[in-house]
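Peer 1: Sequence below, structure please.
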Amino acid sequence: MDQQHQCTTAAATIHCIVKLGGAAITCKNELETINEENLTIVSSQLRKSMILGTTHGMDWSRRPGSLEIPTVIDDDVNHQSELDSKKFIVVHGAGSFGHFQASKSGVHKGGLSKPLVKSGFVATRISVTSLNLEIVRALAKAGIPSIGMSPFSCGWSTCEKDLAVADASTVVKAIDSGFVPVLHGDAILDTSQGCTILSGDVIIRHLAEELRPDYVVFLTDVFGVYDRPPTESNAVLLREIAVREDGSWSVLKPVLQDTSKQVEITVAAHDTTGGMVTKISEAATIARLGIDVYIVKAATSHSLMALQGGLKESIPDDWLGTVIRLAK
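Peer 2: Numbers count the residues shown, from 1 in each chain. Next comes the predicted model:
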């Protein structure tokens, strides 16, 4: 037991686990299209949040169609001491990558014996791993030593869609070696139904349970959790949600006039991982561990404050986002 615990415990404190929401970093209604502007800003904010001092760009690859050979600025690169950096883990959703392939073939429902499901499993993984590569590339370009990791390739699997095997030791080794692991929602094997889709939100919940970060940040395409779909004109941003030990939760800020009214959530038809429903559920589970969770719009001043840990002590009145934390 002790030996197994040592294998899944990082040598130093994990500062933050970050979820890059698929809708925030891709154009969700345009098949396999990255939101380049948001991804660039998010990469820059992550760099500011985790690394102090100057860094060299780490993407030395040649662009498709380009004849240029990458140049590397090597002045004193081999003589620099290790930069003072905070330990982060990044997990990203699929957005317009993977969801289409998975839903059309029914990968989340299982049945690998069916040719369409098996083809969809392969197509889904091609799509999500290509997105993972582009995110790792963007982070590397910003100077973040990121390493892509796929749950399927790490041997993670489920039973009746619940995580059954999810060894975090490879993630921990990468962190202790000075890298930033970048995981993603993935098509994986399931012992009861053959296969399924593992969402990034479930991955974050598991890693939070195993590694106990200081805080968790969900970067989304909206300012946080609302009492109804945010597209409605009278939608109210829920600024603080308290989670009790039994898993139940209540809204602390703002004080809602109708406290009996449940928060209304809509899920996109092609979203095979549960959308905001899963996000709130997993965030509440993390909060029960005593870990603050911030849900905030990506590529804003509000997301930078959350990523840098500026909300641990107090939440400024002008900060826009949702805090989910253990009830006191």
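
Peer 1: what does stretch 111-121 rub up against?
Peer 2: For stretch 111-121, contacts defined as C-beta atoms under 8 Å, 6 or more residues apart in numbering pick out Q101, A102, K104, S105, G106, V107, K109, G110, A187, Q193, G194, C195. The way it works is simple: take the backbone N, C-alpha and C, and place the C-beta from them, glycine included.

Peer 1: could these be laid out in JSON lines, adding neighbour count and distance to G93?
Peer 2: Formatted as JSON lines, the contacts of stretch 111-121 follow (neighbours: other C-beta atoms under 10 Å; distance: C-beta to C-beta, whole Å):
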{"residue": "Q101", "neighbour count": "24", "distance to G93": "14"}
{"residue": "A102", "neighbour count": "29", "distance to G93": "12"}
{"residue": "K104", "neighbour count": "14", "distance to G93": "18"}
{"residue": "S105", "neighbour count": "22", "distance to G93": "19"}
{"residue": "G106", "neighbour count": "16", "distance to G93": "20"}
{"residue": "V107", "neighbour count": "29", "distance to G93": "16"}
{"residue": "K109", "neighbour count": "17", "distance to G93": "20"}
{"residue": "G110", "neighbour count": "19", "distance to G93": "21"}
{"residue": "A187", "neighbour count": "31", "distance to G93": "14"}
{"residue": "Q193", "neighbour count": "16", "distance to G93": "22"}
{"residue": "G194", "neighbour count": "17", "distance to G93": "23"}
{"residue": "C195", "neighbour count": "24", "distance to G93": "19"}
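
Peer 1: Just the pLDDT for A306.
Peer 2: On the pLDDT scale, A306 is placed at 98.

Peer 1: Using PDB, write down the CA coordinates of the helix or strand where it lies.
Peer 2: Element membership of A306, judged by DSSP states H and E, is helix 301-307. Provided in PDB are the C-alpha atoms of helix 301-307 (Å, rounded to 0.1, in the frame of the first residue of the first chain):
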ATOM      1  CA  SER A 301      -8.200  39.100 -17.000                       C
ATOM      2  CA  HIS A 302     -10.400  37.000 -14.700                       C
ATOM      3  CA  SER A 303      -8.900  33.700 -15.900                       C
ATOM      4  CA  LEU A 304      -5.400  35.100 -15.400                       C
ATOM      5  CA  MET A 305      -6.200  36.000 -11.800                       C
ATOM      6  CA  ALA A 306      -7.600  32.500 -11.200                       C
ATOM      7  CA  LEU A 307      -4.600  30.700 -12.800                       C
END
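
Peer 1: So what touches it?
Peer 2: The contact list for helix 301-307 (C-beta under 8 Å, 6+ apart) reads 16, 18, 42, 45-46, 48-49, 215, 217, 219, 223, 294, 296-297, 311, 316, 319-321.

Peer 1: Sort out for me which of the residues you listed are in helices.
Peer 2: Judged by DSSP state H, the contacts of helix 301-307 include V42, Q45, L46, K48, S49 as members of helices.

Peer 1: I'd like to know which of those residues are buried.
Peer 2: Buried subset of the ones in helices among the contacts of helix 301-307 (neighbour count, 16 or more other C-beta atoms under 10 Å): V42, Q45, L46, S49.

Peer 1: With pLDDT and distance to S127 as extra columns, can I get the residues you listed in TSV?
Peer 2: Shown next, in TSV, are those (pLDDT from 0 to 100; distance: C-beta to C-beta, whole Å):
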residue	pLDDT	distance to S127
V42	98	20
Q45	98	26
L46	98	23
S49	96	28
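
Peer 1: ok so, going back, I'd like to know which of the contacts of helix 301-307 are part of strands.
Peer 2: Filtering these for membership in strands, criterion DSSP state E, returns C16, V18, Y215, V217, L219, Y294, V296, K297.

Peer 1: Give me the nearest residue to the third one, chain neighbours excluded.
Peer 2: So that's Y215. In this structure, Y215 finds its nearest non-sequential neighbour in D292, 4.7 Å apart by C-beta to C-beta, 6 or more residues apart in numbering.

Peer 1: you'd agree the one you found is up against L311?
Peer 2: Yes: the pair D292 / L311 is scored as a contact, 7.3 Å apart, by C-beta atoms under 8 Å.

Peer 1: what is in contact with those two at once?
Peer 2: Common neighbours of D292 and L311 (C-beta under 8 Å, 6+ apart) are Y215, V323.

Peer 1: how near is the residue nearest to A140 when sequence neighbours are not counted to L238?
Peer 2: Excluding the flanking residues, the one nearest A140 by C-beta to C-beta, 6+ apart is M58, at 3.9 Å. As judged by C-beta to C-beta, to the nearest Å, M58 and L238 stand 38 Å apart.

Peer 1: what's near enough to touch R47?
Peer 2: T55, L139, A142, G143, I144.

Peer 1: Tell me the one among the buried ones among the ones in helices among the contacts of helix 301-307 nearest to G93.
Peer 2: Proximity of these to G93 (C-beta to C-beta) peaks at V42, which lies at 12.7 Å.
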